[in-house]
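Participant: Starting from these lines, generate the structure:
(one chain, ligands or ions: 1)
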Amino acid sequence: MKTYEIETERLILRNYKESDFNDFWDYVSQSNVGPRTGGWPPYTEKEKARERLLNVDCKNLLQFAVYYKEDKKVIGSVEIMGPKQERYPDIEIGKNTKEIGYLLSENYWSRGIMTEAVRAIVCFAFSVLKLDKIVIGHDVKNIGSGRVQEKVGFRFVKQSDEIHTWLGEESHLIEREMTHEDYLKMKELQNLKATLKIREINI
Ligand SMILES: CC(C)(COP(=O)(O)OP(=O)(O)OC[C@H]1O[C@@H](n2cnc3c(N)ncnc32)[C@H](O)[C@@H]1OP(=O)(O)O)[C@@H](O)C(=O)NCCC(=O)NCCS
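Facilitator: The predicted model follows:
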């Protein structure tokens with residue numbers, strides 16, 4: 001099977017390894033990470049977390065561990081997945097549309113790390129996977145995630161009318177998108193693309 005490794009200034013985005021488990025456990029057990037990511041409760045049992053780490057559905061999900069070079073550890077993840085139309089009722093989802101999702105250990109928030117990772121994944125998704133469109137969303141109260149999406153250059157589409165209860169109370173998703181044409185017009189992303197190291201790996 002073929003996979004990819006993407007290197008940015010501070011990060012390597014790569015496949016998870018079994019030896020990443022202790023790093024993985026550190027952030028999936030944090031109370032502020034899972035609930036904001038889509039409403040899943042923090043992990044309290046190591047065996048359940050290990051199952052999640054090892055049983056990724058590779059057909060529908062391209063998952064990258066976010067490896068922080070300075071601290072030599074995995075501190076989060078970014079995923080490219082098949083979007084669910086019901087989650088994005090106001091966006092046209094074609095065959096060649098994917099969704100990006102992400103999470104980061106709380107110990108590393110607000111250092112621009114996820115913006116760096118998502119920018120790299122966007123460049124990779126449009127230039128290597130040749131996507132037509134990327135959709136992305138966040139709970140309206142998740143200001144930090146919204147900032148990541150704005151900084152990367154995603155366009156606001158709509159605050160969904162659908163109600164969800166990820167953070168324990170009724171709320172809504174902000175739906176955003178970026179098309180391939182949008183991407184080609186973004187100077188910052190085009191410049192970044194030229195500096196990324198993208199390696200194809202056989203596993
Ligand atoms: C969302 C998340 C990935 C952001 O990662 P990060 O590396 O901290 O993001 P960045 O540092 O690149 O950017 C965050 C921005 O939001 C801002 N921010 C964060 N919390 C904020 C808040 N409560 N109010 C206002 N701004 C906030 C930061 O200041 C920064 O903006 P700036 O660069 O303009 O100063 C991280 O907080 C996380 O993993 N949260 C839990 C899981 C999650 O929410 N996943 C996304 C689900 S949609």
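
Participant: only C-alpha atoms for contact and neighbour calcs from this point on.
Facilitator: Noted.

Participant: For the closest residue to Arg10 other than its chain neighbours, list the residues it contacts.
Facilitator: Of all residues not flanking Arg10 in the chain, Lys69 sits nearest, at 5.8 Å (C-alpha to C-alpha, 6 or more residues apart in numbering). For Lys69, the contacting residues are Arg10, Leu11, Ile12, taking C-alpha atoms under 8 Å, 6 or more residues apart in numbering as the criterion.

Participant: Can you flag the buried ones in those residues?
Facilitator: Buried by 16 or more other C-alpha atoms under 10 Å: Leu11, Ile12, out of the contacts of Lys69.

Participant: And the helix or strand of the chain with the lowest mean pLDDT, what's buried?
Facilitator: Considering only helices and strands, the least confidently modelled element of the chain by mean pLDDT, DSSP states H and E is helix 34-38, at a mean of 86. By neighbour count, and taking 16+ other C-alpha under 10 Å as the criterion, the buried residues in helix 34-38 are Gly34, Pro35, Arg36, Thr37.

Participant: can you tell me which of those residues are up against the ligand?
Facilitator: Among the buried residues of helix 34-38, the ones lying near the ligand by C-alpha under 6 Å from any ligand atom are Arg36, Thr37.

Participant: Identify, from the buried residues of helix 34-38, the entry nearest to Ile113.
Facilitator: Sorting these by distance to Ile113 puts Thr37 at the head of the list, at 16.3 Å, by C-alpha to C-alpha.

Participant: Report whether the expected contact of the closest one with Leu104 is present.
Facilitator: No: applying C-alpha atoms under 8 Å, one finds Thr37 not in contact with Leu104, separated by 9.6 Å.
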